[in-house]
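Engineer: Quick check, what structure comes out for this input:
(chains A, B, C and D)
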Number of protein chains: 2
Amino acid sequence: MSGDTTTDLRSDFIERMGLIAQGEGMPRSAGRMLALLIWDGEPIAFADLAATLQISRGNVSTSARLLEERGLVRRVSRPAERQDFFQIAPNAFLSMLNGTRVRIENAMGEIEKVLETLPAREQGPRTRLTEYAEFYRAIADGLQTAVDRLQSPGR
Amino acid sequence: MSGDTTTDLRSDFIERMGLIAQGEGMPRSAGRMLALLIWDGEPIAFADLAATLQISRGNVSTSARLLEERGLVRRVSRPAERQDFFQIAPNAFLSMLNGTRVRIENAMGEIEKVLETLPAREQGPRTRLTEYAEFYRAIADGLQTAVDRLQSPGR
DNA sequence: CAGAGCATTCAGAATGGAATGAACGGTACC
DNA sequence: GGTACCGTTCATTCCATTCTGAATGCTCTG
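Structural biologist: Now for the predicted structure:
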């Protein structure tokens, strides 16, 4: 039986995603939790999350809230159970993508805010800041393309 | 004279970019340095960077190296000067974009690496990981679109 | 109503990454 | 050849964020 191998693969995936998430400015625990929920598609109990990931329940609570806010995870309940269960959201990846796009657009907004108050005679800075804003615009549009692509065949 | 106002705008921009950079997983100093170089398009002396940004020379050295590696900044020399000078790179924003794309593709690679060793019978995980990889693929392609767009009118 | 089972919150500990500043090596001047 | 000027490196300090765990309050159950 190769059950062990699969389990190893899972924890490997979990750890990788922890690091990826960290690189994206998300707490490592949240990334690991997300990974676990992606792997097992089924709802996982609050207590099991803490046990499997070996993190405190407080941490589970916080990370779950973060993932819920971003639309990556759903909190579900079960008939005879008092515990909360968590499951990967149906359109999790789409939400992720949208989240990134929003972040980019915020950054772009920052630049444009500066541009608005920058006197016209400051040609040099204006030129370069404009170019910078266009850079963000290009990314935002590119991500929008990605959103469209993921959305059309999805449903 | 509104010189003061412009100066304020500049340091405002510098600080904003410091925070943005930090959000993107880059050291704050590097972001602030990049901002300064974008604003003043001209080469700035090593010592002036330290003075203007109020950071140590060691920090200037490290941040400059980071920005150079990413192709965002050029180190230039001047005839009678012993100091190094730094200038925003000609195609800085394009490099930035490419850098992001590479990072995304690396993350995608991680996922695919797991997928390769995941036995076919693990249908559920396979489906979801595949979806996840497609998500990254969509982003990478979107960014590629952005690269193309920025490149064509550029030169 | 009492008690158990849960999730949340928050103060404090722990961790990781960035900034500092002194020490170092190299290079141009006199 | 000596000196002054520069940039780099690295051990240390500093700071921000994350994680923990105990305290809290809520909601079911019997």
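Engineer: hey, let's count contacts and neighbours off CA atoms from now on
Structural biologist: Noted.
Engineer: Kindly list the main-chain dihedrals of residue A:52?
Structural biologist: Main-chain dihedrals, residue A:52, degrees, to the nearest 10: phi -60, psi -40.
Engineer: Mind pulling up the pLDDT for it?
Structural biologist: pLDDT for residue A:52: 97.
Engineer: For burial, what's the neighbour tally of it?
Structural biologist: Residues lying near residue A:52 (other CA atoms under 10 Å in any protein chain shown) number 11.
Engineer: Which helix runs longest in chain A?
Structural biologist: Counting by DSSP state H, the longest helix found in chain A is helix A:123-154.
Engineer: Wondering if it reaches chain B at all.
Structural biologist: Yes - Helix A:123-154 reaches chain B (CA under 8 Å from any CA of the partner chain) through A:124-125, A:128-129, A:132, A:135, A:138-139, A:141-147, A:149-150.
Engineer: so that helix versus helix B:123-154, what angle?
Structural biologist: Calculated by axes from the mean of the first three to the mean of the last three CA atoms, to 10 degrees, helix A:123-154 forms an angle of 150 degrees with helix B:123-154.
Engineer: related to what we said a few turns ago, ok, of the residues of helix A:123-154 next to chain B, which come out buried?
Structural biologist: Buried residues within the residues of helix A:123-154 next to chain B, counting neighbours by 16 or more other CA atoms under 10 Å in any protein chain shown: A:125, A:128-129, A:132, A:135, A:138-139, A:141-147, A:150.
Engineer: Now do the one helix or strand residue A:103 maps to: which elements does it pack against?
Structural biologist: Using DSSP states H and E, residue A:103 sits in helix A:92-116. Secondary-structure packing of helix A:92-116 (3 or more CA pairs under 8 Å, 6 or more residues apart in numbering or on different chains; DSSP states H and E): helix A:123-154, helix B:3-23, helix B:123-154.
Engineer: With distance to DNA strand D as new columns, can these be given to me in CSV?
Structural biologist: Putting the helices and strands packed on helix A:92-116 into CSV (distance: least, CA to the nearest atom of the strand, whole Å) gives the following:
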stretch, distance to DNA strand D
helix A:123-154, 23
helix B:3-23, 9
helix B:123-154, 22
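Engineer: What's the local residue count around residue A:8?
Structural biologist: Neighbours of residue A:8 (other CA under 10 Å): 11.
Engineer: Need the three-state assignment for the residue sitting furthest away from the middle of chain A.
Structural biologist: Here the centre of chain A is the reference, and by CA atoms, centre = their mean the most remote residue is residue A:121, at 41.5 Å. What DSSP: H, G, I helix; E, B strand; the rest coil gives for residue A:121 is coil.
Engineer: got any ranges where chain A has weak pLDDT?
Structural biologist: The model of chain A has pLDDT under 70 over residues A:1-4, A:153-155.
Engineer: and if we set it to 80?
Structural biologist: A:1-4, A:152-155 (pLDDT under 80).
Engineer: okay, which residue is most central for chain A?
Structural biologist: Nearest to the geometric centre of chain A sits residue A:96, at 4.5 Å (CA atoms, centre = their mean).
Engineer: give the contact list for that residue.
Structural biologist: Counting by CA atoms under 8 Å, 6 or more residues apart in numbering or on different chains, residue A:96 makes contact with A:70-72.
Engineer: Same check on residue A:107?
Structural biologist: So residue A:107 contacts A:136, B:20 (CA under 8 Å, 6+ apart).
Engineer: re earlier: mind checking the helices and strands packed on helix A:92-116 for the one nearest to residue A:9?
Structural biologist: helix B:123-154 (10.8 Å; CA to CA).
Engineer: quick revisit: now the helix holding residue A:103: buried residues?
Structural biologist: Using 16+ other CA under 10 Å as the test for burial, helix A:92-116 gives A:92-98, A:101, A:104-105, A:107-108, A:111-112, A:114-115.
Engineer: Can you pull the residues of chain A lying near DNA strand C?
Structural biologist: Contact residues (CA under 7 Å from any atom of the strand) of chain A with DNA strand C: A:45-47, A:57-62, A:64-65, A:81-85.
Engineer: which ones are touching residue A:126?
Structural biologist: By CA under 8 Å, 6+ apart, residue A:126 lies in contact with A:115, A:118, A:120.
Engineer: To clarify, my last question referred to residue A:73.
Structural biologist: A:34, A:64, A:67, A:86-89, A:92.
Engineer: was I right about residue A:24 contacting residue B:21?
Structural biologist: No - judged on CA atoms under 8 Å, residue A:24 makes no contact with residue B:21 at a distance of 11.9 Å.
Engineer: Got the domain ranges for chain A?
Structural biologist: Listed by automatic domain parsing, the domain ranges of chain A are A:3-88, A:92-154.
Engineer: And the ones you listed: which comes nearest residue B:11?
Structural biologist: domain A:92-154 (10.7 Å).
Engineer: Dump the contacts of residue A:96 to TSV, plus distance to residue B:4.
Structural biologist: What follows is the contacts of residue A:96, written out as TSV (distance: CA to CA, whole Å):
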residue	distance to residue B:4
A:70	41
A:71	45
A:72	46
